[in-house]
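In: Structure for the following, please:
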Amino acid sequence: MNLLSRRRLLQTLAGATALASTRRLSALPTLESGSREKLQLFRYRDVKLTGGPLKAQFDRIHASYLAVNEDSLLKEFRVRAGLPAPGEYPGGWYDRDGFAPGHCFGQLISALARFSEATGDEATRAKTERLVDGFAATIGPDGFCYPNQKAATNFPAYTYDKYVVGLLDAHQFAGVSSALQVLDRATRGAVRYLPPRALDRQFEASPTAPDDESYTLGENCFYAYEVSGEAQYLDMAKRYLLDKTYFDPLSRGQNVLPHRHAYSHCNALSSAARAYLDLGDVKYLRTIENAWDMIVTGQQFASGGWGPNEAFVEPGQGKLGESLTSTHAHFETPCGSYAHLKLARYLLRFTGQAAYGDGLERVLYNTVLGAKDPSPDGHFFYYSDYHPSTRKVYFPDRWPCCAGTLPQVVADYAISAYFHGPDGIYVNLYTPTEVSWSAGNRPVKLIQTTSYPESGSSELTVELPAPAEFTIYLRVPGWLQSGARISVNEKSVSVSAQAGTFAAVRRVWRNHDTLQISLPFSFRTEAIDDQHSQTVALMRGPLMMVALEPQITFTSGAREWTPALKPVPFAAQTFEMPGSLARICFAPFYNVGDQSYTAYVEKT
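Out: Numbers count the residues shown, from 1 in each chain. This next block holds a predicted model:
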């Protein structure tokens, strides 16, 4: 959702009611989507985070959303339905007269369902079920499912899209048996307010809902078809693909990203990914591959974030450099991270290429992991700020759109860590974890022990009841400037470990075998764009290092001054320049708290 150009909307749309009466199929889809996946996702329950900064944030965000008051979330739904409505309104965008009433309700159900399966926590599962049941009780006889008429007319597609993913996730991951029936009822009421096809607000926005995001509906409609087998969802998925103005030109290599709303149009690429998965049209694979390349080569800050002022920029015009001093809104952090990490996972599944894991890692560590935790009164970290001498702050309005994507992206950390292929397991993230699967008919557990990204090494221990042959693939990051070192049971092994690939270690594994990898971290600088080649960010491995105050200027290139940086004792991945008049210190963006920092420094 673009907060910069939101407008009050006037009336509802009609003309799509035939969708609700489409006959249910007798069987689930028989799509051969597996043939289009080189790698596959694990389920949330298969991967456990066991330590490190990802686990710490995962636990904090889980606890924060588990504590959210259910009556508050349901209050306006119940008021509209004439039911008892205890509790207080949450405030901000979510309220009855807020910017987008009830906008993230479905996302909160989705996140809780994912946390439920990831942790096995019964309280989280039960909360998910209560929210579904509470929502179901408010749906009108005609299927009206929005909290009020304003929500139905301001952002009907955006809000419905969140219901779809929430109810499907509740069914899939929290075992809420009623969720599919609730989705059918909500769909019957929602279709009256949806446009008949995807409308690209860049060129043909709805006159009644000009800032709605119908072009993101495809992904979750495909998901609904996969889970339910109902023909109406497949029909909706196809009709809400933004082909003419977006996917078709991208598939031909035409860069149509500039000036589009960055988050929602990156998110829409997941609809193209799902279309490739379910329909098999290679056009959609070309679309997401080309768009990814356009984003990482012409849109990205050193953090991996993109979209200053929530818009893609014209590449090659110095717009990223100009944005450093013209705005404090450089990356819509939880929302953009959610879209980016989702797209990276789709591309990993379809191609098996490690570069997409590199992109996932960069955005995860340098953006959402550095987000401030939600405040008790409903304020959220919205934008990553790369302006000189700045601080991390909360968005002024309570319960903005990032309140919905934050718990979803954090709940997904575990399924970003590993993938499985036909002959083994792919290690994508180096983080303390346990993952379980079967090699043939034998259960296998892989336990990863590491302090990454505080250090560049990790050890994986195999647990299995009898020897089994399979391959462990290790992502060798493209940022490496010296070779990775790989050992089995502390003895070096000779395997191809080229930067930017997965190194394959295949053998007959036995219980308690260990696999070690060392990824030497080193400093490098990255210019913000070609037009501002002296404006650079300091990188160390995957980490964007920011200069803590005072603001600094270097008088030589990175090769001259980075060797002088010395580790600060008892401060992970933190370095200082000894002997300087003012203490010059660099730390990873994700470790910065309330102190002032500068992401880009000037070389003179």
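
In: Give the burial count for residue 366, as a bare number.
Out: The burial count assigned to residue 366 is 29, neighbours taken as other Cβ atoms under 10 Å. All C-beta atoms are positioned from the backbone trio N, CA, C, and that covers glycine.

In: Just list the residues touching it, thanks.
Out: By Cβ atoms under 8 Å, 6 or more residues apart in numbering, the residues touching residue 366 are 302-305, 542-544, 588-590.

In: Number of residues surrounding the spatially closest residue to residue 392 that is not a sequence neighbour?
Out: Using Cβ to Cβ, 6 or more residues apart in numbering and skipping the chain neighbours, the partner closest in space to residue 392 is residue 372 (5.4 Å). By other Cβ under 10 Å, 15 other residues sit near residue 372.

In: among the contacts of residue 366, which are in strands?
Out: 543-544, 588 (DSSP state E).

In: Tabulate those in TSV, adding columns for pLDDT, distance to residue 154 and neighbour count.
Out: Output for the ones in strands among the contacts of residue 366, formatted as TSV (pLDDT from 0 to 100; distance: Cβ to Cβ, whole Å; neighbours: other Cβ atoms under 10 Å):
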residue	pLDDT	distance to residue 154	neighbour count
543	98	40	25
544	98	36	27
588	97	39	23
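
In: Cross-check the contact I'm expecting between the residue nearest to residue 392 and residue 381.
Out: Yes - Residue 372 sits in contact with residue 381 when judged by Cβ atoms under 8 Å, with a separation of 4.0 Å.

In: residues bridging contact with those two, i.e. touching both?
Out: Counting by Cβ under 8 Å, 6+ apart, the shared contacts of residue 372 and residue 381 are 392-394.

In: Which member of the residues you listed is positioned nearest residue 269?
Out: Nearest to residue 269 among these is residue 392, at 27.8 Å by Cβ to Cβ.

In: I'd assumed residue 590 was in contact with that closest one.
Out: No - between residue 392 and residue 590 there is no contact under Cβ under 8 Å: 10.6 Å.

In: okay, and the common contacts of the two?
Out: When contacts are counted by Cβ under 8 Å, 6+ apart, residue 392 and residue 590 have residue 370 as shared neighbours.

In: and those two? which has more neighbours close in?
Out: Neighbour count, other Cβ under 10 Å: between residue 392 and residue 590, residue 590 has more, with 22 against 19.

In: what residue ranges in this structure score low on pLDDT?
Out: 1-34, 550-561, 563, 579-583, 604 (pLDDT under 70).

In: show me where the stretch 451-600 of the chain has strands.
Out: Per DSSP state E, counting those that start in this stretch, the stretch 451-600 of the chain carries strands over the ranges 457-463, 468-476, 485-488, 491-492, 501-509, 514-518, 523-527, 535-540, 543-548, 553-554, 566-567, 575-577, 584-588, 597-598.

In: Burial check on the closest residue to residue 520 other than its chain neighbours, number of neighbours?
Out: Leaving aside its chain neighbours, residue 520 sits nearest to residue 482 (5.0 Å; criterion: Cβ to Cβ, 6+ apart). Residue 482 has 11 neighbouring residues, counting by other Cβ under 10 Å.

In: any idea how far the residue nearest in space to the middle of the chain is from residue 357?
Out: Nearest to the geometric centre of the chain sits residue 338, at 1.9 Å (Cα atoms, centre = their mean). Distance, residue 338 to residue 357, using Cβ to Cβ, to the nearest Å: 17 Å.

In: go on, residue 441?
Out: Applying Cβ to Cβ to residue 441 and residue 357 gives a distance of 29 Å.

In: Which of the two has more residues huddled nearby?
Out: Using other Cβ under 10 Å, the more surrounded residue of residue 441 and residue 357 is residue 357, with 27 against 7.

In: ok, now which ones touch that one?
Out: 344, 348, 428-429, 475 are the contacts of residue 357 under Cβ under 8 Å, 6+ apart.

In: Kindly report the same for residue 47.
Out: Counting by Cβ under 8 Å, 6+ apart, residue 47 makes contact with 118, 414-415, 417-418, 433-435.

In: Write the ChimeraX selection for whichever of those are buried.
Out: Here is the ChimeraX selection string for the buried members of the contacts of residue 47, based on 16 or more other Cβ atoms under 10 Å:
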select :118,414,415,417,418,433,434,435
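
In: is the spatially closest residue to residue 489 that is not a sequence neighbour in a bridge, and if so with what?
Out: Leaving aside its sequence neighbours, residue 489 sits nearest to residue 514 (Cβ to Cβ, 6+ apart; 5.6 Å). Per DSSP bridges, the residues bridged to residue 514 are residue 461.

In: Pull the contacting residues for residue 514.
Out: 459-462, 488-490.

In: which stretches of the stretch 301-450 of the chain form helices?
Out: 319-326, 333-351, 354-366, 402-411, 413-417 (DSSP state H, counting those that start in this stretch).

In: Relative to the whole chain's centre, how far out is the longest one?
Out: Put simply, helix 333-351 sits 6 Å off its chain's centre (Cα atoms, centre = their mean, to the nearest Å).

In: List the buried residues of stretch 108-126.
Out: Of the residues in stretch 108-126, 108-119, 124-125 count as buried by neighbour count, 16+ other Cβ under 10 Å.

In: so of these, which ones are in helices?
Out: Applying DSSP state H to the buried residues of stretch 108-126, the entries found in helices are 108-119, 124-125.

In: thought residue 505 was touching residue 497?
Out: No - using Cβ under 8 Å, residue 505 is not in contact with residue 497; the gap is 9.4 Å.

In: overlap in contacts of the two?
Out: With Cβ under 8 Å, 6+ apart, residue 505 and residue 497 have common neighbours 474, 486.

In: of the strands of the stretch 451-600 of the chain, which approaches residue 328 most closely?
Out: Here strand 597-598 is closest among these (Cβ to Cβ), at 12.6 Å.

In: Against which helices or strands is the following helix or strand past that closest one packed?
Out: With elements assigned by DSSP states H and E, the helix or strand that comes after strand 597-598 is strand 601-603. When contacts are defined as 3 or more Cβ pairs under 8 Å, 6 or more residues apart in numbering; DSSP states H and E, strand 601-603 packs onto strand 535-540, strand 553-554.

In: Now strand 601-603: buried residues?
Out: Across strand 601-603, burial judged by 16+ other Cβ under 10 Å covers 601, 603.

In: That one: partners in the sheet, and parallel or antiparallel?
Out: Sheet pairing of strand 601-603 (DSSP bridges) gives strand 535-540 (antiparallel), strand 553-554 (parallel).

In: hang on, the earlier thing: dump the residue contacts of the residue nearest to the centre of the chain.
Out: Counting by Cβ under 8 Å, 6+ apart, residue 338 has contacts 267, 368, 405, 408-409, 412.

In: Most widely separated two among the residues you listed?
Out: Farthest-apart pair in the contacts of residue 338 is 267 and 368; separation 14.7 Å (Cβ to Cβ).

In: So for the two, which sits in the more crowded spot?
Out: residue 368 (29 against 23).

In: CA atoms of stretch 333-343 as PDB?
Out: In PDB, the C-alpha atoms belonging to stretch 333-343 read as follows (Å, rounded to 0.1, in the frame of the first residue of the first chain):
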ATOM      1  CA  THR A 333      11.200  -2.600   5.300                       C
ATOM      2  CA  PRO A 334       8.900  -5.400   6.600                       C
ATOM      3  CA  CYS A 335       6.700  -5.200   3.400                       C
ATOM      4  CA  GLY A 336       9.600  -5.000   1.000                       C
ATOM      5  CA  SER A 337      11.500  -7.800   2.800                       C
ATOM      6  CA  TYR A 338       8.500 -10.000   2.700                       C
ATOM      7  CA  ALA A 339       8.100  -9.600  -1.100                       C
ATOM      8  CA  HIS A 340      11.800  -9.900  -1.800                       C
ATOM      9  CA  LEU A 341      12.400 -13.000   0.300                       C
ATOM     10  CA  LYS A 342       9.300 -14.700  -1.200                       C
ATOM     11  CA  LEU A 343      10.500 -14.000  -4.700                       C
END
